[in-house]
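**Student:** Show me how the following folds:
(one chain, ligands or ions: 2)
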Amino acid sequence: MTKPVVLLAEELSPATIEALGPDFEIRHTDGADRSQLLAAIADVDAILVRSATQVDAEAIAAAKKLKVIARAGVGLDNVDIKAATQAGVMVVNAPTSNIVSAAELTVGHILSLARHIPAASAALKAGEWKRSKYTGTELYEKKIGIIGLGRIGALITARLQAFETQILAYDPYVTSARAAQLGVQLVSLDELLEQSDFITIHMPKTPETVGMIGPEAFRKMKNSAYVINVARGGLIDEAALFDALQSGAIAGAGIDVFVKEPSTDLPFFGLDNVVVTPHLGASTEEAQEKAGVSVAKSVRLALAGELVPDAVNVAGGVIDREVRPGIPLIEKLGRVFTALTHASVTQIDVEVAGEIAGKDVKALELAALKGVFTDVVSEQVSYVNAPVLAEQRGINVRLITTEEVADYRNVLTLRGALSDGSQISVAGTLTGPKQIEKIVGVNGYDVEIPISEHLVVLIYQDRPGVVGTVGGILAENGINIAGMQVSRAQDGNQVLCLLTVDSAVPQAVLDSVREAIDASTAREVDLEG
Ligand SMILES: NC(=O)c1ccc[n+]([C@@H]2O[C@H](COP(=O)([O-])OP(=O)(O)OC[C@H]3O[C@@H](n4cnc5c(N)ncnc54)[C@H](O)[C@@H]3O)[C@@H](O)[C@H]2O)c1
Ligand SMILES: O=C(O)CC[C@@H](O)C(=O)O
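**Tutor:** Numbering: from 1, shown residues only. Ligands and ions are numbered 1, 2, ... in the order given. Below you'll find the predicted structure:
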């Protein structure tokens, strides 16, 4: 059997390959080389990148088998998440893998600037013993302004508090309670710019944050202020930074990230009061190992068809242990649901009843939709694009939970409204210590039959001899019946007969059954593959 192919498009920690294990074919390419990337991505199941590979709409369109894009790091600026979602491709990252490293590099930049360490080192190596030129400043009792008090901002706060500094922060999305918990004073952006001795930026790059530190912001800063950016290139306007440094509007800057990367000859590189590093925030052994192992685990899960806690374009999140067995069950119920439909679907209710209803069961809704569309569209259906497919078809989807359930611990039901005004439903449960998947209801008829790869659903007028006729036709065609349940409607003499059979039932055989028993419904549900 051929193994799924995982493409490593950048240099990743050796622990990444170890964590992927032996179940994959590993290929390598240089993701920064566009033509190499487009050729290499064509037939792979997963791609692993850092920040130098542009996984944009063109690359995603070229990747016909792609199921997961894994970013061994935090930032996803180099991945077109919208295009991936449309194509059903899961995007995962390693959101906490490198935050400690980035926070420590930021502290490194702050100390380098405060004590002129890189410049003094370069001078001494060049034969100059200059002490007064490199007189610095203590951090003790200084005001540190943090713009963006997220994961890295909080880590920096804790580290700089050890220097007995005063931390100010600007972050419109952080509550004052969270700031108080961190021992930080939340202030307006202007207050932060005007008062801080060191200003360090830790926001994502968004339309709102790009160029936020521009000429006007520099004008508000103290002449003695230092500015640090270990977040993303472009948050600081590079031309304005050059002017501010050259004119003495600020004392200096520490920059790890640039608008264009790699960049080796920006105008401000020539200035003495600048410390620059080539996007080294995550470049530690530990961060690379954590990022590589984390995305390798996510890739394994994603290629096994499972939901991934670190997926950024799937709403499933971490799945509760008790909810997990319901995922393959409800996906199968989704496929049965589709086989039962005879007109377009306008509404789907995913009902979760029983003990698990109190848990986060969003993953069950995604799995149900994945099942519903698996046999409907030719494109790959995943947890990622299943909700998009529902939306595109104008299907209203509701997740309904109730702890009340009559006969079982938990029952999962898909209930649909069709465009001709009719309703369909299929319900299932897991029973016994082996958690056997069973169908326990179809269109309101009660049954209890283990799910198998081949199911036949028949609805007809109740009368003697029908079961024998059905069995006879199937036997004549070499189809063995594994199980059968007949359920009579409460309000009439319609009967539902649900059969599990050992092999697929060809359409011609199904048509003979329909004719012979005058069935209003005769459907085969093939769950193979
Ligand atoms: N240099 C590196 O190698 C490196 C490594 C890791 C992370 N990063 C970057 O560091 C940055 C921070 O990462 P994080 O993990 O702390 O992210 P995070 O999402 O935990 O925190 C970002 C914070 O920015 C805040 N924010 C958003 N818009 C804002 C605005 N307009 N004004 C002020 N605050 C705003 C958010 O509320 C949030 O609290 C990101 O840009 C990330 O890509 C860089
Ligand atoms: O080194 C990298 O790959 C980028 C690190 C960092 O900017 C991130 O977004 O995780």
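
**Student:** then stretch 31-39 to PDB, C-alphas only?
**Tutor:** Taking Å, rounded to 0.1, in the frame of the first residue of the first chain, the C-alpha atoms of stretch 31-39 are listed here in PDB:
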ATOM      1  CA  GLY A  31       9.600  26.100  -0.500                       C
ATOM      2  CA  ALA A  32      11.200  29.500  -1.200                       C
ATOM      3  CA  ASP A  33      11.800  28.400  -4.800                       C
ATOM      4  CA  ARG A  34       8.400  28.900  -6.400                       C
ATOM      5  CA  SER A  35       8.800  26.500  -9.400                       C
ATOM      6  CA  GLN A  36      10.200  23.800  -7.200                       C
ATOM      7  CA  LEU A  37       7.300  24.300  -4.700                       C
ATOM      8  CA  LEU A  38       4.600  24.200  -7.400                       C
ATOM      9  CA  ALA A  39       6.000  21.000  -8.900                       C
END
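
**Student:** Residues in contact with that stretch: which ones?
**Tutor:** Residues from elsewhere that reach stretch 31-39, judged by C-beta atoms under 8 Å, 6 or more residues apart in numbering: 9-10, 29-30, 47, 49, 52-54, 58-59, 62. Backbone N, C-alpha and C define where each C-beta goes, glycine included.

**Student:** Spatially central residue in this protein, please.
**Tutor:** Nearest residue to the geometric centre of the chain (C-alpha atoms, centre = their mean): A311, 1.7 Å.

**Student:** separation between that one and ligand 1?
**Tutor:** 16 Å (C-beta to the nearest ligand atom, to the nearest Å).

**Student:** tell me the contacts of G394?
**Tutor:** Per C-beta under 8 Å, 6+ apart, neighbours of G394: T346.

**Student:** same question but for E11, I mixed them up
**Tutor:** E11 neighbours (C-beta under 8 Å, 6+ apart): R50.

**Student:** go again using 10 Å as the cut-off
**Tutor:** 28, 30-31, 50, 52, 72, 288 (C-beta atoms under 10 Å, 6 or more residues apart in numbering).

**Student:** bridging residues for the residue nearest to the centre of the chain?
**Tutor:** Beta-bridge pairing for A311 (DSSP bridges): V92.

**Student:** Could you tell me which ranges of this protein sit under the pLDDT cut-off?
**Tutor:** 315-318, 491-492, 529 (pLDDT under 70).

**Student:** Around ligand 2, pick out the residues from it.
**Tutor:** 50-51, 73-75, 98, 279, 281-283 (C-beta under 6 Å from any ligand atom).

**Student:** one step back: ok, the contacts of E11 vs ligand 2, which is closest?
**Tutor:** R50 (3.2 Å; C-beta to the nearest ligand atom).

**Student:** helix/strand/coil for the residue lying closest to the closest one once chain neighbours are set aside?
**Tutor:** Nearest residue to R50, sequence neighbours excluded (C-beta to C-beta, 6 or more residues apart in numbering): E10, at 4.4 Å. Three-state assignment for E10 (DSSP: H, G, I helix; E, B strand; the rest coil): coil.

**Student:** right, and E10 touches V55 too?
**Tutor:** No. Counting by C-beta atoms under 10 Å, E10 sits too far from V55 to count as a contact (11.1 Å).

**Student:** Neighbour count: these two, which is higher?
**Tutor:** V55 (27 against 18; other C-beta atoms under 10 Å).

**Student:** Show me which residues of the stretch 151-300 of the chain sit near ligand 1.
**Tutor:** So the stretch 151-300 of the chain meets ligand 1 at 151-153, 170-174, 202-205, 208-209, 230-232, 256-257, 279, 281-282 (C-beta under 6 Å from any ligand atom).

**Student:** Among those residues, name the buried ones.
**Tutor:** Buried subset of those (neighbour count, 16 or more other C-beta atoms under 10 Å): 151-153, 170-171, 174, 202-203, 205, 209, 230-232, 256-257, 279, 281-282.

**Student:** Please convert the contacts of stretch 31-39 to a markdown table, extending it with distance to T85 and secondary structure.
**Tutor:** A markdown table is the format used below for the contacts of stretch 31-39 (distance: C-beta to C-beta, whole Å; DSSP: H, G, I helix; E, B strand; the rest coil):
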| residue | distance to T85 | secondary structure |
| --- | --- | --- |
| A9 | 20 | coil |
| E10 | 23 | coil |
| T29 | 24 | coil |
| D30 | 26 | coil |
| I47 | 16 | strand |
| V49 | 17 | strand |
| A52 | 23 | coil |
| T53 | 19 | coil |
| Q54 | 17 | coil |
| E58 | 16 | helix |
| A59 | 15 | helix |
| A62 | 17 | helix |
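
**Student:** top of the residues you listed by neighbour count?
**Tutor:** Going by other C-beta under 10 Å, I47 tops the contacts of stretch 31-39 with 31 neighbours.

**Student:** wait, that one sits on A62?
**Tutor:** No. Contact criterion C-beta under 10 Å: I47 and A62 do not qualify, at 11.0 Å.

**Student:** any residues in contact with both of these two?
**Tutor:** 37, 40-41.

**Student:** Pull up the gap between whichever residue of the stretch 401-529 of the chain sits closest to ligand 1 and T346, please.
**Tutor:** When scored by C-beta to the nearest ligand atom, the stretch 401-529 of the chain has T401 as its residue closest to ligand 1, at 30.0 Å. From T401 across to T346, the span is 22 Å (C-beta to C-beta, to the nearest Å).

**Student:** Which strand residues bridge L499?
**Tutor:** V456, M484.

**Student:** Make residue 1 into 30 and carry on from there
**Tutor:** That works, and once the first residue is 30, the last one we named lands at L528.

**Student:** Tell me how many other residues crowd it.
**Tutor:** 25.

**Student:** what sits against it?
**Tutor:** With C-beta under 10 Å, 6+ apart, L528 has these contacts: 478, 481, 483-487, 496, 499-500, 503, 508, 510-515, 534, 542, 553.

**Student:** what's the distance between it and I359?
**Tutor:** 22 Å.

**Student:** Please point out which parts of stretch 143-158 sit buried.
**Tutor:** Buried, per 16+ other C-beta under 10 Å, within stretch 143-158: 143-145, 147-149, 152.

**Student:** correction: stretch 212-220
**Tutor:** Buried, per 16+ other C-beta under 10 Å, within stretch 212-220: 213-216, 218.

**Student:** C-alpha coordinates for that stretch, PDB please?
**Tutor:** Taking C-alpha atoms only, stretch 212-220 is exported to PDB below (Å, rounded to 0.1, in the frame of the first residue of the first chain):
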ATOM      1  CA  GLY A 212       0.400  43.400  37.200                       C
ATOM      2  CA  VAL A 213       0.200  45.600  34.100                       C
ATOM      3  CA  GLN A 214      -1.300  49.000  33.700                       C
ATOM      4  CA  LEU A 215      -3.500  49.300  30.700                       C
ATOM      5  CA  VAL A 216      -3.200  52.700  29.000                       C
ATOM      6  CA  SER A 217      -4.200  54.300  25.700                       C
ATOM      7  CA  LEU A 218      -1.800  54.000  22.800                       C
ATOM      8  CA  ASP A 219      -0.900  57.700  23.100                       C
ATOM      9  CA  GLU A 220      -0.100  57.400  26.800                       C
END
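
**Student:** can you list contacts of it?
**Tutor:** Contacts for stretch 212-220 (C-beta under 10 Å, 6+ apart): 172-176, 178, 182-183, 186-187, 190, 195-201, 203-205, 207-209, 221-225, 241-242, 245-246, 249.
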